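>>> The sequence and its predicted three-dimensional model are supplied below.
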Amino acid sequence: MDELTFLNDRLVVITGDITEQKVDAIVNAANSTLLGGGGVDGAIHRRGGPTVLQECREIRRHQYPDGLPPGRAVVTGGGKLPAKHVIHTVGPIWRDGKHGEMETLAEAYRSSLNLAAETGLGSIAFPAISTGVYGFPKELAAQVAYRTIGEHLKRRSLPRQVYLIFFDEGDRRVFLNSIKQFL
Ligand code: ADP
């Protein structure tokens with residue numbers, strides 16, 4: 001598969017299944033309950049197995065009894081996944097763009113990257129957070145993701161390698177077309 005790299009080769013944009021990525025952490029586009037759901041969340045919990053869910057329950061109990069707020073991130077082990085860790089973050093539900101959706105999406109990327117850096121992780125793979133059931137326009141989400149990752153990589157040496165994983169080639173095309181203005 002052709003790989004496309006950006007930001008001094010520290011960002012790689014590929015098509016694939018995030019549950020198959022052998023990286024230090026994959027990011028889960030979770031919901032506030034942290035107890036699993038559909039889409040990428042369901043796929044990660046299915047493949048990761050019961051220990052991931054158990055750790056999420058512990059985090060709910062001790063840190064976030066009311067749920068993980070949108071824009072925040074927490075880390076668990078990867079269970080049976082090839083990835084060593086899962087960073088769970090919650091993206092915004094798209095309403096009309098006037099409810100801070102852009103900032104909350106940026107915050108979800110930022111929190112995940114900062115947590116990876118603080119945990120000493122060298123590589124991280126993101127799905128296209130909020131662009132499924134949460135309805136965030138893909139073009140806009142691409143621009144937020146690219147800019148936020150770029151800002152992080154300028155400031156910090158970890159994670160050294162960031163992957164954006166698109167579930168299908170069409171979504172990857174949309175991403176590539178949407179960030180052309182930043183290149
Ligand atoms: P959200 O609720 O944040 O919108 P979804 O899981 O509905 O989360 O969708 C987020 C993105 O993840 C979508 O673009 C969807 O196509 C993609 N996706 C779903 N399953 C996978 C997977 N196994 N690997 C990578 N991306 C996935």
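Right, received. Where do you want to start? Numbers count the residues shown, from 1 in each chain.
>>> Show me which residues of this structure are close to the ligand?
Counting by C-beta under 6 Å from any ligand atom, the residues of the chain close to the ligand are 17-19, 29, 39-41, 43, 91, 127-134, 165, 167, 171. From N, CA and C alone the C-beta is placed, and that goes for glycine too.
>>> filter those residues to the buried ones?
18-19, 29, 39-41, 43, 91, 127-132, 134, 165, 167, 171 (16 or more other C-beta atoms under 10 Å).
>>> Sort out for me which of these are in helices.
Those of those mapping onto helices are 39, 40, 41, 43, 171, per DSSP state H.
>>> Nearest to the ligand among the residues you listed?
residue 39 (2.2 Å; C-beta to the nearest ligand atom).
>>> Tell me who's in contact with residue 179.
6, 142, 143, 146 (C-beta atoms under 8 Å, 6 or more residues apart in numbering).
>>> what about residue 75, helix or strand, and which?
strand 73-77 (DSSP states H and E).
>>> Give me the helices and strands touching that strand, please.
With contacts defined as 3 or more C-beta pairs under 8 Å, 6 or more residues apart in numbering; DSSP states H and E, the packing partners of strand 73-77 are helix 50-62, strand 85-90, helix 101-118.
>>> Deepest-packed of these, please.
Across these, averaging neighbours per residue (mean count of other C-beta atoms under 10 Å) puts strand 85-90 on top, at a mean of 25.
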